[in-house]
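> task: produce atomic coordinates for the following.
(chains A, B and C)
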Amino acid sequence: MSLAEFLSGLNSVFGIALPMVLFSVLSAVIVILLFAMPLGGMCTYFERKVAADFQERIGPNRVGPIGLFQFFADGIKMILKEDTITKNADRFIFNFAPSLVLAGSLGAFALVPFGKYVIGADLDIGIFYAMALGSLVSLGILLGAWSSDNKWSLLGGMRAAAQIVSYEIPLGIAVLSVITVSGTLSMQGIVSTQAWPVANAVDGGHFWNVFHNPFLMINFLIYFIAALAECNRTPFDLPEAESELVSGFNTEFSGMRFGLYALGEFADVILFACIATAIFLGGWHLPFINFDTLDLGLRVGDTDLTPLFQTILMASVFLAKVAVLVFVVMWIRWTLPRLRVDQLMDLCWKYMIPIGFVNLLGCAVWVWVFKGKSMIQVAGQLLGVY
Amino acid sequence: MQLVDFFTLLFMLMGVVSAVLVAFHPNVLYAAVALVFSLLSVAGLYGVLGADFLAAVQLIIYVGGIIVVILFAIMMSENIYRARFRDAAGKFVIPTAVAALLIAGFLKLFHDAKLETRAGLNAIPTTEQMGRALVGPYALVFQYVAIVLLAGLIGAVVVARPHHGNPESEAEKK
Amino acid sequence: MLAGLSTNLGLYLGLSAVFFAFGVLTVLTRKNAVGLFMGVELMLNGAALNFVAFQTFRPGTHDSWLHGHVFSLFIIILAAIEAAVALAIVLRVFAARRTIDPDRATELRG
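Next up, the predicted model:
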């Protein structure tokens, strides 16, 4: 599907002739209210719980059962807080920059395949487009930092922009090596090649891309490290290093504007976990089971409920994988210390990019030598399973 | 009314307004922000015209790369802690006349050319064709561009880093 | 009134002409080297849009080679190289002269 097709398809999905502007505003509001806010809120809650566990504390436990509704309280507090603007701030950019950050990370969620039938837009350039939208984030951070008229903010913003631009290269290389293997940019296409291999069947794939070949395993690590840096998470949280820069680029932001930055960061983490799941960890695919051909025999009268249950199963498997990745991100945050700026750039330019390129070449050679078969398929052939 | 037409109108208006702002806004930083919007509108029009791959390339290279570098250059090429990035008003009359003449000339040209319209746009994904074109008929150009890119990057690094032993850069350190 | 807006070649060409003209205007009026550079980017975008529009409306021979798209891609890539080199030069000039007004960095003028 191309972008133009997607645009003309929107008319037919929503048969009612809604005024177009209203429609786009509404969909954005719905996405933010129903998806980003609760997800980001849950993330802050889990982050605090995980942190508490690591530090042998109890963590939030007052609002609701085991503190589950803490994020409602946090959200209400954030909205009710006084909205301050620095005296010499550049008002226009100050107001508009935080939304760029959120737009960048939320827009890309349309490309995330939660299930075989659950995807916002299965564009032909899927993964590439998701990465391109993410580039709005660095712009939002840099502009917001500059506009708040604060030295710490500006330093943090410049660090963030330099870091994000640099780490986009290893990220791109890692994604490119996946594309070498799957031969498509479309998210659904990439996921569908990662099914459990079955004998003489078109449905079967080559199993998860991480286990496709040794080079891709290393490139998965590179993707993960680069994604951490893209989200400004520890150990790469130099842009908001508390001990040096107060709070970095968001120092002067308060109330809901700060909320947008915080939400944007969590949305970014979830987005990168989703993309990692989709392109490396097989999306909704599990070993030994193929959900596409799974027949549960569930029928109510004449209606076959199988597609519904398939979708629910797929989405839960996908979200479980995402949750594990997000947990690892939090785990790293409360375990590793922060890098120095020079170490950050050394790691990117002297280690990750050369290693990534070697692995990209390795992937290409593997695909050429083994005709695109994965380690598991090659082993299966040798053992005579397939 | 098709949604595609609505978006085309939106992107075109956005493009024209932001192009005007790039040229006339007294604050260079705001001009850069306006440039972001004109680049976004071009990316949107690429999407409408069925050039998805180019739309993504436009976003990732221009918005994610070039604009960030431009903002860096603007912020670092002035005393940022007091700068408002005012651009001194130059001579506007003659350049505006030149621009107006250019636009008028182009529009006359297009009007006289009796350009056709089409019933519908080709919306089939072109990503695969693009890939085949880049490694097929355009392989040599592609390699050449890669070499130019490498040379340009090395050149930029060499130009931007301080020259040791150069009296000028010694003065910078003080 | 809006119907057929997206299928009118003249509109795309007109927009690219506007981009080009305002790019020229920016280059002529700005007193800031980075501002000049933004004008150049605007001109390049106008040209690239032209290529893509013609590819869509008048593909010509060897349609599947996507001449217009590939040409625009190369324009974008070369613009990226240009950005890197130009802004490196801007930073050097600023380090040496404390200004990036192109009218005042004229030491090499013959």
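> list the residues that contact A:Leu281.
When contacts are counted by Cβ atoms under 8 Å, 6 or more residues apart in numbering or on different chains, A:Leu281 touches A:Trp208, A:Asn209, A:Val210, A:Lys321, A:Leu325. All C-beta atoms are positioned from the backbone trio N, CA, C, and that covers glycine.
> what helix or strand does the last one sit in?
Same thing as A:Leu325. Here A:Leu325 sits within helix A:306-333, counting by DSSP states H and E.
> max pairwise distance over the contacts of A:Leu281: which two?
A:Asn209 and A:Leu325 (14.4 Å; Cβ to Cβ).
> neighbour count: these two, which is higher?
Using other Cβ atoms under 10 Å in any protein chain shown, the more surrounded residue of A:Asn209 and A:Leu325 is A:Asn209, with 28 against 21.
> list the residues that contact the more buried one.
Taking Cβ under 8 Å, 6+ apart as the contact definition, A:Asn209 lies against A:Val178, A:Val181, A:Ser182, A:Ile190, A:Gln194, A:Leu216, A:Phe220, A:Ile279, A:Phe280, A:Leu281, A:Gly282.
> show me what residue of chain A gets nearest to chain B.
When scored by Cβ to the nearest Cβ, chain A has A:Ser135 as its residue closest to chain B, at 2.5 Å.
> A:Glu265 against A:Cys231, yeah?
Yes - in this structure A:Glu265 lies within contact range of A:Cys231 using Cβ atoms under 8 Å: 6.3 Å.
> and residue 10, what pLDDT?
Here I'm looking at chain A. pLDDT for A:Leu10: 61.
> ah, no, chain C please
Per-residue pLDDT puts C:Gly10 at 80.
> surely it touches B:Asp112?
No - counting by Cβ under 8 Å, C:Gly10 does not reach B:Asp112; the two are 10.8 Å apart.
> the two - which one has more neighbours?
The neighbour comparison of C:Gly10 against B:Asp112 (other Cβ under 10 Å) goes to C:Gly10, with 17 against 8.
> so that one belongs to a helix, correct?
Yes - under DSSP: H, G, I helix; E, B strand; the rest coil, C:Gly10 sits within a helix.
> that one and chain B: what is the separation?
Between C:Gly10 and chain B the computed distance is 5 Å (Cβ to the nearest Cβ, to the nearest Å).
> can I get the contacts of A:Leu281 in a markdown table with pLDDT?
What follows is the contacts of A:Leu281, written out as a markdown table (pLDDT from 0 to 100):
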| residue | pLDDT |
| --- | --- |
| A:Trp208 | 86 |
| A:Asn209 | 86 |
| A:Val210 | 88 |
| A:Lys321 | 90 |
| A:Leu325 | 91 |
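> may I see the residues you listed organised as CSV, with distance to A:Pro113 added?
Below are the contacts of A:Leu281 laid out as CSV (distance: Cβ to Cβ, whole Å):
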residue, distance to A:Pro113
A:Trp208, 14
A:Asn209, 14
A:Val210, 17
A:Lys321, 12
A:Leu325, 15
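> send me stretch B:15-31 as CSV with only the CA atoms.
Extracted C-alpha coordinates of stretch B:15-31, given in CSV (Å, rounded to 0.1, in the frame of the first residue of the first chain):
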residue,chain,number,x,y,z
GLY,B,15,4.3,25.2,1.1
VAL,B,16,3.5,28.7,-0.2
VAL,B,17,3.1,30.3,3.2
SER,B,18,6.2,28.8,4.6
ALA,B,19,8.3,29.7,1.5
VAL,B,20,7.2,33.3,2.0
LEU,B,21,8.2,33.1,5.6
VAL,B,22,11.6,31.6,4.8
ALA,B,23,12.3,34.6,2.6
PHE,B,24,10.9,37.4,4.7
HIS,B,25,11.0,36.5,8.4
PRO,B,26,13.4,38.8,10.2
ASN,B,27,14.5,36.0,12.6
VAL,B,28,16.7,33.4,11.0
LEU,B,29,15.7,30.7,13.4
TYR,B,30,12.0,31.3,12.6
ALA,B,31,13.0,31.1,8.9
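> list of residues touching that stretch?
With Cβ under 8 Å, 6+ apart, stretch B:15-31 has contacts from A:90, A:92-93, A:146, B:34-38, B:41-42, B:45, B:71, B:74-75, B:84-87, B:89, B:99, C:15, C:18-19, C:22-23, C:25-26, C:29-30, C:32, C:34-35, C:38-39, C:42.
> of those, keep whichever come out buried.
A:90, A:93, A:146, B:34-38, B:41-42, B:45, B:71, B:74-75, B:85, B:87, B:99, C:15, C:18-19, C:22-23, C:25-26, C:29-30, C:32, C:34-35, C:38-39, C:42 (16 or more other Cβ atoms under 10 Å in any protein chain shown).
> list the contacts for the spatially most central residue of chain B?
Centroid check for chain B by Cα atoms, centre = their mean gives B:Leu39 as the closest residue, at 5.5 Å. Residues near B:Leu39 by Cβ under 8 Å, 6+ apart: B:Gln58, B:Tyr62, B:Val63, B:Ile67, C:Glu41, C:Asn45.
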